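Colleague: missing the sequence, but the structure's below:
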Ligand SMILES: Cc1cc2nc3c(=O)[nH]c(=O)nc-3n(C[C@H](O)[C@H](O)[C@H](O)COP(=O)(O)OP(=O)(O)OC[C@H]3O[C@@H](n4cnc5c(N)ncnc54)[C@H](O)[C@@H]3O)c2cc1C
């Protein structure tokens, strides 16, 4: 065992929360040690989440567009997919980004240590990697150890049963693929594998796909997947699973009653915070039964010198939330006034069409008893959408009837996620729908649909006929 070393500030986990925290702290003059169990930086997001999924979704979109350009008088013939080349391309993108992060760490003199960190007591931890175990004491720590996929209990060990990490390895394109869970990750996997040629069935326990999103917007995504040949069973529970030599069979009850036979199954039923994986108790850290380390708005845990950020602090488990929290933790730990206090964290399913929302949904406003009004602009009336071969979509704004203040928004359509940025700024600035309607939006753009939805709420829209 090596001699104990000391870190001024140690960050555990180099995902979007951890590397943002480490880099911001280094920029503030701190001496930082960044520990991650994997050799590359970037965490789940870069290595096995956000980035590889978006690379494959890009390929899926190109395949779909090429398949559907026939009515424009263009045909490419049947696409040939070289799965090994596609996998290599995806890996090259991931590697470019993780290598870039390593360079950024070097330039900031952040010391990166590869190994699994476990608290061994108050203000000390052990790191076990490939070499001898290292022992560290620390002045402050930021825990950013992320989350892991939830495994359904009672399922057999079988290499045809994948989690999202295995699915993104692109081991094979199964002829029949069942996806248990129709949330954002499940829907993105369905979009990818349907484009690559799998016959996909999605099984979702809630009564809509993308639970938590506006039902009519989620319905547009369901309809699009259905049109691509995907079977979608909502309000359906998998009650038994059997693996034979030739297939994996799921027995379903509820909205769909019967069996779904598949050559591979993806479990996409959520993620669990990794609080149990860092020896939290040894450091005296409070930890909830679901693995979450609770924090306040300054990302402080119950221990004055230990902070936590990202997925390990609970929902919403999103990279951009982790990054913002990481910066807050680094700033607070370095004596600056900072806090993470926003209700506006955008959610995006990068499906085709994309489904994007920010702020409270109508269901959340209803249950909170907050009065609201909704206005929609259908993308069937958007010149830019039609001229770009776009699919069904809509822009929906929610505002307060009392003062016209924007409360939230949902956009569904190609590129919807990018439109959310301007809406997010409007929400943070406390804009009214008049502010949005009176802002000149360029024509023809998809961003116009936001202004049109605002105009529709005010009764000033000319691009649709509205009778009173
Ligand atoms: C398939 C998929 C697609 C996704 N797509 C998106 C998306 O498009 N947009 C989005 O916002 N979010 C997306 N997410 C979620 C996003 O990846 C996470 O919210 C984000 O990575 C969380 O960042 P984090 O810093 O909290 O932790 P993570 O990224 O989970 O990183 C935690 C790191 O800690 C390390 N670690 C864990 N325990 C220890 C230990 N004891 N010692 C040392 N190191 C340890 C792990 O090796 C890991 O590298 C996706 C997730 C998945 C699975």
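Modeller: Structure's in. What do you need? Because the structure is a prediction, the values reported are computed rather than measured. Numbering: from 1, shown residues only.
Colleague: Return the list of strands paired to the longest strand along the chain, each annotated with direction.
Modeller: Looking across the chain with DSSP state E, the single longest strand is strand 134-143. Using DSSP bridges, strand 134-143 pairs in its sheet with strand 5-12 (parallel), strand 124-128 (antiparallel), strand 306-308 (parallel).
Colleague: Quick check: buried residues in that strand?
Modeller: 134, 136, 138, 140, 141, 142, 143 (16 or more other Cβ atoms under 10 Å). Placement of C-beta: from N, CA and C, glycine included.
Colleague: and the third one, how far is that from the ligand?
Modeller: Distance check for residue 138 against the ligand: by Cβ to the nearest ligand atom, to the nearest Å, it reads 13 Å.
Colleague: ok, that residue touching residue 125?
Modeller: Yes. Here residue 138 lies in contact with residue 125, judged by Cβ atoms under 8 Å, at a distance of 7.0 Å.
Colleague: Give me the common contacts of these two.
Modeller: Here residue 138 and residue 125 have residue 10 as joint contacts, going by Cβ atoms under 8 Å, 6 or more residues apart in numbering.
Colleague: From residue 93, how far off is the nearest residue to residue 215 once chain neighbours are set aside?
Modeller: Nearest residue to residue 215 in three dimensions, chain neighbours excluded: residue 208, at 5.2 Å (Cβ to Cβ, 6 or more residues apart in numbering). Between residue 208 and residue 93 the computed distance is 32 Å (Cβ to Cβ, to the nearest Å).
Colleague: Then residue 223?
Modeller: 30 Å.
Colleague: so who does residue 259 touch?
Modeller: Contacts of residue 259 (Cβ under 8 Å, 6+ apart): 249, 250, 251, 252.
Colleague: helix or strand for it, which one?
Modeller: Per DSSP states H and E, residue 259 falls inside strand 258-262.
Colleague: what's the answer for residue 57, then?
Modeller: Element membership of residue 57 [criterion: DSSP H and E] is helix 50-67.
Colleague: neighbours of the residue of the stretch 251-400 of the chain found nearest the ligand, just the number please.
Modeller: The minimum distance from the stretch 251-400 of the chain to the ligand, using Cβ to the nearest ligand atom, falls at residue 310 (2.1 Å). Using other Cβ atoms under 10 Å, residue 310 has 35 other residues around it.
Colleague: Correct me if wrong: it contacts residue 320.
Modeller: No. Taking Cβ under 8 Å as the definition, residue 310 is not a contact partner of residue 320, at 10.4 Å.
Colleague: Tell me, what's the model's pLDDT at the residue nearest to the spatial centre of the chain?
Modeller: Centroid-nearest residue in the chain: residue 318, 4.9 Å away (criterion: Cα atoms, centre = their mean). For residue 318, the pLDDT comes out at 98.
Colleague: Excluding sequence neighbours, find me the nearest residue to it.
Modeller: Residue 318 sits nearest to residue 345 (Cβ to Cβ, 6+ apart), 6.5 Å away.
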